[in-house]
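*Asks:* quick check, what structure comes out for this input:
(one chain, ligands or ions: 2)
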Amino acid sequence: MLSEGKIRSLTVVIPILNEEAIIEKSLTTLSDVLKTICLDYEIVVVDDGSTDRTAEILKKLALSIGRLKILRNSRNEGLGGALCHGFKHAAKDVVFYIDADMPFQYAEVLRAVKILEESRADGVAGFRNNREQEPFFRRLSSMAYNGCVSCLYGIKMLDINCAFKLMKRNALKQLDLKAKGSFIDAEWMVRAAYGGYKIQELGVEYYPRPQSSSRLFRLRPIATAFWEMIKFFPDIRRLKGPASQDPQACR
Ligand SMILES: Nc1nc2c(ncn2[C@@H]2O[C@H](COP(=O)(O)OP(=O)(O)OP(=O)(O)O)[C@@H](O)[C@H]2O)c(=O)[nH]1
Ligand SMILES: [Mg+2]
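*Replies:* Numbers count the residues shown, from 1 in each chain. Ligands and ions are numbered 1, 2, ... in the order given. Model prediction:
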């Protein structure tokens, strides 16, 4: 644990699959935001076998963004696999995960870091404040998924799949996450609860992609997430049960 709650450094981990259209804008914006904070930081991107120009653009960006680490899987290993790969290479006090397509303003990470410093939480998990603009079917599926995780594992969170999560690296390491697909978010929150780690929920403004081309809201990733959610059940039953989730959500 860090002394007196003070956070000195931050790793931002970003999973990427075929993001040639936005990756330059995204990483340049992130780097500009991080430069303004008084923290030592690094950006770790995991290119998960992109087949478009993402790899080439990343190579170019590495020359202009000094603190960028690029990890590449030669073939697609899924969101969870990619994130775990990134987490293993994270070297700073706190690890922050966010998607590449700028679904939230990067400056929000500063708010999350502050909450982590001022509260007794070990992590911060975002929830989307404004999901009305999302298609009804996506919101419904998300509710169903949250409900299933809650029924099976007894944890209640406002938006378990929100790609805005921050945790102290030492705590994250202890969780030993294993999911290969999108179940990674839920696995993270469930293991944290069962491990007695406190997670503070934080409302964040959501900026969906103008033309959604979700790489995750597809049959195969969804089926994998449900399969991993069920497969995880015997594993977690060996642990002693979720600690109470007492912190109030911040909006
Ligand atoms: N490393 C890795 N990243 C992935 C994979 N699938 C998706 N991603 C990344 O995960 C993030 C979320 O994917 P999106 O396609 O934006 O999913 P979404 O937010 O449900 O969909 P949109 O509404 O289109 O934004 C993005 O940064 C993707 O590049 C994968 O298999 N591996
Ligand atoms: Mg997205």
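*Asks:* and the residue nearest the centre of the chain, what are its bridge partners?
*Replies:* Residue closest to the mean C-alpha point of the chain, counted by Cα atoms, centre = their mean, is residue 97 at 3.6 Å. Each beta-bridge partner of residue 97 is listed here: residue 13, residue 165, as defined by DSSP bridges.
*Asks:* now do the contacts for it.
*Replies:* 12, 13, 14, 15, 83, 86, 163, 164, 165, 166 (Cβ atoms under 8 Å, 6 or more residues apart in numbering). (C-beta placed from N, C-alpha, C; glycine too.)
*Asks:* please repeat the previous calculation with a cut-off of 7 Å.
*Replies:* Residues counted as contacts of residue 97 (Cβ atoms under 7 Å, 6 or more residues apart in numbering) are 13, 83, 163, 165.
*Asks:* quick one: the helices in the stretch 1-150 of the chain?
*Replies:* Along the stretch 1-150 of the chain, counting by DSSP state H, counting those that start in this stretch, helices occupy 23-35, 54-64, 79-89, 108-118, 136-153.
*Asks:* ligand 1: which of the ones you listed is closest?
*Replies:* Shortest distance between ligand 1 and these, using Cβ to the nearest ligand atom, is found for helix 79-89: 3.0 Å.
*Asks:* pull the residues that contact the closest one.
*Replies:* Helix 79-89 has contacts (Cβ under 7 Å, 6+ apart) with 13, 15, 44, 46, 48, 69, 71, 73, 95, 97, 172, 177, 179-184, 216.
*Asks:* again with stretch 23-43
*Replies:* 7-12, 14, 16, 54, 57-58, 61, 65, 67-69, 91-92, 100-102, 106-107, 110.
*Asks:* tell me how many other residues crowd the closest residue to residue 164 other than its chain neighbours.
*Replies:* Taking Cβ to Cβ, 6 or more residues apart in numbering as the measure, residue 164 lies nearest to residue 126, with 3.0 Å between them; neighbours along the chain are not counted. The local packing of residue 126 (other Cβ atoms under 10 Å) involves 26 other residues.
*Asks:* ok so, going back, drop anything exposed from the contacts of stretch 23-43.
*Replies:* Neighbour-count burial within those applies to 7, 10-12, 14, 16, 54, 57-58, 61, 65, 68-69, 92, 100-101, 106, 110; the criterion is 16 or more other Cβ atoms under 10 Å.
*Asks:* any idea how far the residue of the stretch 51-200 of the chain found nearest ligand 2 lies from ligand 1?
*Replies:* Distances from the stretch 51-200 of the chain to ligand 2, computed as Cβ to the ion, single out residue 101 as the nearest residue at 4.3 Å. Going from residue 101 to ligand 1 by Cβ to the nearest ligand atom, to the nearest Å gives 5 Å.
*Asks:* just residue 48 next, same as before
*Replies:* Shown here: residue 48 relative to ligand 1, a distance of 3 Å by Cβ to the nearest ligand atom.
*Asks:* how about the strands in the chain?
*Replies:* Ranges of strands within the chain are 9-16, 40-48, 68-73, 94-98, 123-128, 164-168, 199-204, based on DSSP state E.
*Asks:* so which bits of the second one are buried?
*Replies:* What it means is strand 40-48. The neighbour-count criterion (16+ other Cβ under 10 Å) identifies 41, 42, 43, 44, 45, 46, 47, 48 as the buried residues of strand 40-48.
*Asks:* next one: stretch 224-235
*Replies:* 224, 225, 228, 229, 232.
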